[in-house]
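S.K.: just need the structure, nothing else, for what follows:
(chains A, B and C)
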Amino acid sequence: MKPLNGLFEKQLRVVNLGLEAFYEDLKNQSVEVVQVDWRPPAGGNEKMLSLLGKLKGKK
Amino acid sequence: MAVQTTIRKNAYYDSVTLMLITKDLAKLPGVEDILVGMATELNKELAANLNLLTPELEALSANDFFVTAELSGEASMEMLVSALDALLSAKKSSAGSSYRPASLQTALSNEPELNLALISLPGRYAAAEVEKALDAGLHVMLFSDNVSIEDEKRLKEKAVSKQLLMMGPDCGTAMINHVPLAFCNVVRPGGIGIVGASGTGTQEIMSLIDQLGGGVSQVIGTGGRDLKTEIGGLMMLQAFEALIADPETKVIVLVSKPPAPEVAKKVLDLVNKAGKPVVVDFIGGDRTAIEAAGAVACISLEDAARKAVALLRGDAAPSDFSGFDVPEADIDALAAHEAGKKAPIQKYLRGLFTGGTLADEAMKLLGPDLGTIWSNIPLKPEEQLKDVKVSAEHTVIDFGDDAFTVGRPHPMIDPSTRSERIVKEAAPDVAVLLMDVVLGYGSHPDPAGEVAAQIREARENAAASGGDLTVIASVCGTEGDPQGLKASRETLSEAGAVVMPSNAQAVRLAAKIMKAIAKQGGERA
Amino acid sequence: MKVLRVSEDCITFLTQSPGQTGEVHSTFERAVNLLFYNGVLMTIVSDQMDLAPMTLQVSKGSLKSLGWHPGMPARCSGEGIIVGETPLAFIQAQKWSPSWDAGKATAEKLTRAEMLTRLEAFIKLLLIRGKPEGLLPYLCEASVLPHPGSCPADMAGNRYVDFVKGRLDQFVEAYRDGTDMGETRAVAAFSRLVGFGPGLTPSSDDFVAGFMAANLCAPYGQFMAREKLLKRNQKLASQAKGKTTVISEAMLAHAALGHVAQKYGKLLELLCLEPEGDLEAAALNALDHGDTSGTDFMTGAAAALMLSLNA
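M.R.: The predicted structure follows:
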């Protein structure tokens, strides 16, 4: 495997989860960046988290 | 109040645009109510119900787009229409950039070429997202803290097995392929590669490299805990190896607080295989092991930068730099001058820092001369400041520490936590105030400006009570930073601060002034 | 530029309407609609978008650069279509079936309990992550649906729901009445609903589309034979003609047959069939469709499934 899968030779394409300022700064420098409209999974609801978790690994 | 309608016959705008437009237009002054949509019978019925139906709207058909609004005051339809047109054309040209996928998976399905995830979510959710990113083959920069050390270990092991970076947790600074990420200075491209377990330490080194005319190839963060026993330096080692293999990197700099001894050994063992010069700053750590391994040791962040630049030029590693940019005699004269203005009661130093590593470096450099330095991040546990809001004797504060940042943004983003303290610190018995001003992406738009007024006020207060306050500042930044190095320095000088070219030099000047004061005290006593 | 994938109904259309002419109807960053003069709408999407009924995907990330504009001529050729001067051949393209359950073993069934569990999780997620500007609050305000029991405190109704919820109640109830009387009442209720709300595909149309499609996959609580249900759906969809946007008319016609966009198909599969999969990711992906469209479609689907499990 190439060190870091050849990251240093690629054009950086960023996905930002969290602080908007980081996204804005990258956008202003014309870096390819996408901002995820992130919310807590299951709205922070523990019971639903486990329900959804069960579905993922079924069978 | 008038209800007016504007129409676009047979016009189609994508639904996201329509919703955003409705929200934006509703906010305009004088817009009492607004309905936007396609002119179907039912939508016209709703408009009638809301008293927003007009003859123009009535005449439209299902494939026509309308905006109908109740306007008051000075608001006019022309204003609304020009706002609408501006929004429509703005959305069109930036179409795609206003697009926000609801999850990492969706982002990836739309943009399969993504290669790095920058994650700054609340700690308890961060680990799951990091895992998803690594599973998808993305490198990760994890700014969040409050991630358990067990999670860190597990995620870093996964990252290493997939040849992926997992920078963090608590990693605030990186520059990959010349793209500044999170809190980062704009530094020209060049041959120095940096791996840092400390945010502002990395920023200081890279900024000074730029000021000295050098440049960087890659700057990789590892997060503050990487070199602890539990993590074993996983990222430091992986990044170090990557820089060794990288043809653009000619000199490597490693910076961290002193690692656990067995981890330090693993890192230093790689130095022989590097085939290029390696500069190691284990801030205040033991230099023997470093030099025995064939690496170049340093006495400060500035020293690391200077050595790296010299090595990049092809020179031999210079000796430790503990001097100044101007002749030492000038500095001595300045110190004597400053000391001479102090009232006899003024004998303490206060350091107010936004960068934890800079505060730490300051304390390590001052320790020998000043003795006990109280702090919220003390060098010795017994020097823990009892109440972080109240300084005592010699005190150095890291305003970026948890004690100050719970529920408040980091002081590099919101400088008010620190600037509120500046005037308070100018107590009658304080002689010298030491501070860092950190520029770059992520930082406040004008950190120097945010402390200028308080510096002035503090100095005026000191003068009014018959004394004199020396404020020493260093600016960690470059000309390429949005805030501008030169402009920031000027703002600080105009406010009455003595601006030094680096944290180390600022600290050394402070030490000289304190020594001169002590000598005066001896002579006066 | 190549055609990467093509929905099978496009191929059917080609064989049934050789030489058919039409024009570019509307253009967007990642999609272009063609309206053929026999009333058929066909969509060309970029490689960043999923497939849907009557859709073909081309090997370009953005369609803006093609410079196509509404009114440009389009026609069917022997191998595919021609837009302006640009030929797009379907021959090499990968085929995709718009039928939500194409190729899936419909013999497999979830138990009622399993399906209910999935539906509950799905509804909770929808209530939290869905866009509340459309018809989503209806799930909490409907008189004819079992209460979802997890309505967020700030899920107030909005002016759209307030205006139309009574009509949605009437539609939903009439739809599940398998008699001819039921059909008449459903058609009447639908005509008082169609084309309502924000969006290029108005909210109520998305709701009904989701409702119709989900009814075709609900394994429990069936009140009509499948063939009859399909007929009922088609009758309803045909009521939309002239009463809503051209794009929405097409969408309803497809949903009536159980032909839905790829994102929705994945979701229905996870709600109604056995396979392992990430329900949360599929739901979030579907929520990304248009603006309120995804939410409204899923609101309709949720309503249909709630009723089928409650029957």
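
S.K.: number of residues surrounding the residue in chain B that chain A sits nearest to?
M.R.: Residue nearest to chain A within chain B (C-beta to the nearest C-beta): B:S120, separated by 3.1 Å. C-beta coordinates here come from the backbone N, C-alpha and C atoms, glycine included. B:S120 has 21 neighbours, counted by other C-beta atoms under 10 Å in any protein chain shown.

S.K.: quick one: contacts for it?
M.R.: Each residue near B:S120 by C-beta atoms under 8 Å, 6 or more residues apart in numbering or on different chains is listed here: A:16-19, A:22, B:143-144, B:182.

S.K.: out of those residues, which are inside strands?
M.R.: A:16-17, B:182 (DSSP state E).

S.K.: out of those, which is nearest to chain C?
M.R.: A:L17 (13.1 Å).

S.K.: how near is B:V437 to B:V147?
M.R.: B:V437 sits 29 Å away from B:V147, going by C-beta to C-beta, to the nearest Å.

S.K.: all strands for chain A, in order.
M.R.: Under DSSP E, chain A gives strands at A:13-17, A:32-35.

S.K.: could you report the pLDDT at the residue lying closest to C:S59 once chain neighbours are set aside?
M.R.: Leaving aside its sequence neighbours, C:S59 sits nearest to C:K2 (C-beta to C-beta, 6 or more residues apart in numbering or on different chains; 4.6 Å). Per-residue pLDDT puts C:K2 at 91.

S.K.: likewise the one 5 residues further on?
M.R.: pLDDT, C:S7: 94.

S.K.: equivalent analysis for B:I149, please.
M.R.: For B:I149, the model assigns a pLDDT of 94.

S.K.: for chain C, what are the low-confidence residue spans?
M.R.: Chain C contains residues with pLDDT under 70 at C:102-108, C:289-290.

S.K.: how about the residues of it near chain A?
M.R.: C:117-118, C:120-121, C:124-125, C:128-129, C:152, C:270, C:274-280 (C-beta under 8 Å from any C-beta of the partner chain).

S.K.: rerun that using 7 Å as the cut-off
M.R.: C:117-118, C:121, C:124-125, C:128-129, C:276, C:278-280 (C-beta under 7 Å from any C-beta of the partner chain).

S.K.: what does chain B give?
M.R.: B:97, B:100-104, B:107, B:111, B:113-121, B:125, B:129, B:139, B:143, B:163-165, B:176-177, B:179, B:182, B:218, B:241-242, B:245-246, B:441-442.

S.K.: got a quick ChimeraX command for the buried subset of those?
M.R.: Buried residues among these (16 or more other C-beta atoms under 10 Å in any protein chain shown), as a ChimeraX selection:
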select /B:101,102,103,104,107,111,114,115,116,117,118,119,120,121,125,129,139,143,163,164,165,176,177,179,182,218,242,246,441,442
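
S.K.: thinking again about what came up before, B:V437 and B:V147 - which one has more neighbours?
M.R.: Between B:V437 and B:V147, B:V437 has the larger neighbour count (other C-beta under 10 Å), namely 31 against 22.

S.K.: for chain A, which segments count as helices?
M.R.: Along chain A, counting by DSSP state H, helices occupy A:20-28, A:46-56.

S.K.: excluding its backbone neighbours, what's nearest the spatially most central residue of chain B?
M.R.: In chain B, the centroid-proximal residue (C-alpha atoms, centre = their mean) is B:F183; its distance is 3.0 Å. If the residues on either side of it in the chain are set aside, B:F183 comes closest to B:G442, at 3.5 Å by C-beta to C-beta, 6+ apart.

S.K.: measure the residue of chain B closest to chain A to A:Q29 for me?
M.R.: Computed as C-beta to C-beta, the B:S120 to A:Q29 distance reads 18 Å.

S.K.: residue of the stretch 251-400 of chain B with the smallest distance to chain C?
M.R.: Taking C-beta to the nearest C-beta, the stretch 251-400 of chain B has B:G400 as its residue nearest chain C, at 33.6 Å.
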